[in-house]
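Colleague: Give the three-dimensional model of this entry:
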Amino acid sequence: MIEAVSLKNSVILKFSKGNITHRVERKFEKEEWLVFTENGFIPDAAGVIPLGVSAQTFLDDKVQKDGLYQYREKDINNPEAKYEVSLWVRCGIAGPVGYTFGNYTPQEDTGWGDVLTPDDMRFTYLWGVDFRATNGQSYTDDQIRFHIESSIAEMERRLNITIIKKRIACDPDNRGLVQGVDYDEEEEYYKYRRERIQGVGMIHTRKRPVISISRLDLCVRHNVVRSLLDEYTLDKTKGKIEYFNRPMIGPNESIRALQNSLYRYGQDTVNAQRYYAIDYVAGYKSPADIPKDLRAAIGKMCAIEMLNIIGDGILAGFSSSSLSMDGVSESFSSTQSATSATYGARIMTYEKELNQYIQAVKMKFGNVVLGSL
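Modeller: Below is the predicted model of the structure:
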């Protein structure tokens, strides 16, 4: 990734690769990409000759508008090379950027995007909170992003859902798939139950919501017997797969794979030999697709986590203090104590609202699990 640092009216770029000639492009907010030439950054069109940058650092001193800028680069001598893209940088006197300000749009070429921005936390969910401790230390954007990521993971655990988009693959090692390139997480096979398909015929994926399914195979041991991709329907929110037809295996398809087991133990061993192999994409396609109430709940969860730390940095918990000298006295008391945080009231309010939200929407993403003996 390109490292971009804003100097208000200019931007310094540092490239990760120093042994190539770089083709540099720039983008202002929602406008088109401009390519760097001898005449500065201009629209890319027929006849435009990019000016290569051989140094590992580059100074863009032609920033003219106040707002957000983004940069990308690739090897100018390799047309097949992929772009490396920087994060957005703010130049000039632009204001806060985030969902709560209506001016943040996730970009596909920079990865998945942000569920919340540091400005969302600073100026909305933690409005009025001083981010500088009594010793002068300031809370940085990188620290805020860490808390946002932590809160996303916690919300995923509480609601048993997947928020950040993930590619799920079944048995990737035996298929020669590479983690990070072909898939993000590995899952085991899903068990086949003859008794279940007699009644309903469905599979509940382990992660939800589901964006798409790319593989849905019925297997005997590790051998694919039949693909079910053309005969299913999907409830994306709850990750529920239902079949149009019952996925039965005919005797000609299964006899060779099961004959050793059937010879000794009979029909009871059939279920143990059959599996479903499923590849799918879970989560939300883009951060912009996340429901507004879920985004707000993540913001409140992040605020609670941050207030517990920032509050003590600003003013450690105590109930009262007094000072007297030569007949003059001064006292100060608060609702705090040694175990009560500076922003205890806001923390309690956020916790109450968060618990009510989780209880209200938990079943939206899943189903009641029942069992019997």
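Colleague: distance between the longest helix seen in the chain and the chain's centre?
Modeller: The longest helix of the chain (DSSP state H) is helix 292-314. Here the centre of helix 292-314 is set off from its chain's centre by 17 Å, with Cα atoms, centre = their mean, to the nearest Å.
Colleague: Going by neighbour count, list what's buried in that helix.
Modeller: 294-307, 310-311, 313 (16 or more other Cβ atoms under 10 Å). In short, each C-beta sits where N, CA and C put it, glycine included.
Colleague: Can you pull out the residues in contact with it?
Modeller: By Cβ atoms under 8 Å, 6 or more residues apart in numbering, the residues outside helix 292-314 that reach it are 99, 115-116, 120-121, 124-126, 129-134, 137, 139, 144, 147-148, 150-152, 154-155, 163, 341-344, 346-347, 350-351, 353-354, 357-358, 361.
Colleague: Could you do stretch 39-50 as well?
Modeller: With Cβ under 8 Å, 6+ apart, stretch 39-50 has contacts from 23-26, 32-38, 60, 62, 76.
Colleague: Which of these are buried? Put it as a PyMOL command.
Modeller: Only the buried entries of the contacts of stretch 39-50 go into this PyMOL selection, using 16+ other Cβ under 10 Å:
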select buried, resi 23+24+25+26+33+34+35+36+60+76
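Colleague: Include secondary structure and distance to Asn103 when you put the contacts of stretch 39-50 into TSV, please.
Modeller: Shown next, in TSV, are those (DSSP: H, G, I helix; E, B strand; the rest coil; distance: Cβ to Cβ, whole Å):
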residue	secondary structure	distance to Asn103
Arg23	strand	29
Val24	strand	25
Glu25	strand	22
Arg26	strand	19
Glu32	coil	18
Trp33	coil	19
Leu34	strand	20
Val35	strand	25
Phe36	strand	26
Thr37	strand	29
Glu38	coil	33
Asp60	strand	22
Lys62	coil	23
Ile76	coil	32
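Colleague: could the contacts of stretch 39-50 be laid out in a markdown table, adding distance to Leu177 and pLDDT?
Modeller: Converted to a markdown table, the contacts of stretch 39-50 look like this (distance: Cβ to Cβ, whole Å; pLDDT from 0 to 100):
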| residue | distance to Leu177 | pLDDT |
| --- | --- | --- |
| Arg23 | 31 | 94 |
| Val24 | 34 | 95 |
| Glu25 | 32 | 95 |
| Arg26 | 36 | 94 |
| Glu32 | 36 | 92 |
| Trp33 | 32 | 93 |
| Leu34 | 38 | 94 |
| Val35 | 36 | 95 |
| Phe36 | 37 | 95 |
| Thr37 | 41 | 94 |
| Glu38 | 45 | 92 |
| Asp60 | 39 | 93 |
| Lys62 | 44 | 83 |
| Ile76 | 32 | 93 |
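Colleague: ok, so of the contacts of stretch 39-50, who is nearest Ile168?
Modeller: Distance to Ile168 across the contacts of stretch 39-50 (Cβ to Cβ) is lowest for Trp33, with 32.5 Å.
Colleague: can you count the residues close to the residue lying closest to Thr237 once chain neighbours are set aside?
Modeller: Nearest non-adjacent residue to Thr237, counting by Cβ to Cβ, 6 or more residues apart in numbering: Pro209, 5.0 Å away. Using other Cβ atoms under 10 Å, Pro209 is surrounded by 21 other residues.
Colleague: doesn't Thr162 make contact with Pro209?
Modeller: Yes. Taking contacts as Cβ atoms under 8 Å, Pro209 lies within contact range of Thr162: 7.2 Å.
Colleague: neighbours around Gly113, how many?
Modeller: Using other Cβ under 10 Å, Gly113 is surrounded by 18 other residues.
Colleague: Could you check how far it is from Asp173?
Modeller: The spacing between Gly113 and Asp173, counted by Cβ to Cβ, to the nearest Å, is 30 Å.
Colleague: Just the pLDDT for Gly266.
Modeller: pLDDT for Gly266: 53.
Colleague: Next, the contact list for the residue nearest to the spatial centre of the chain, please.
Modeller: By Cα atoms, centre = their mean, the chain has its centre lying nearest to Ile164, at 3.0 Å. Ile164 sits next to 112, 115, 152, 156, 283-284 when contact means Cβ under 8 Å, 6+ apart.
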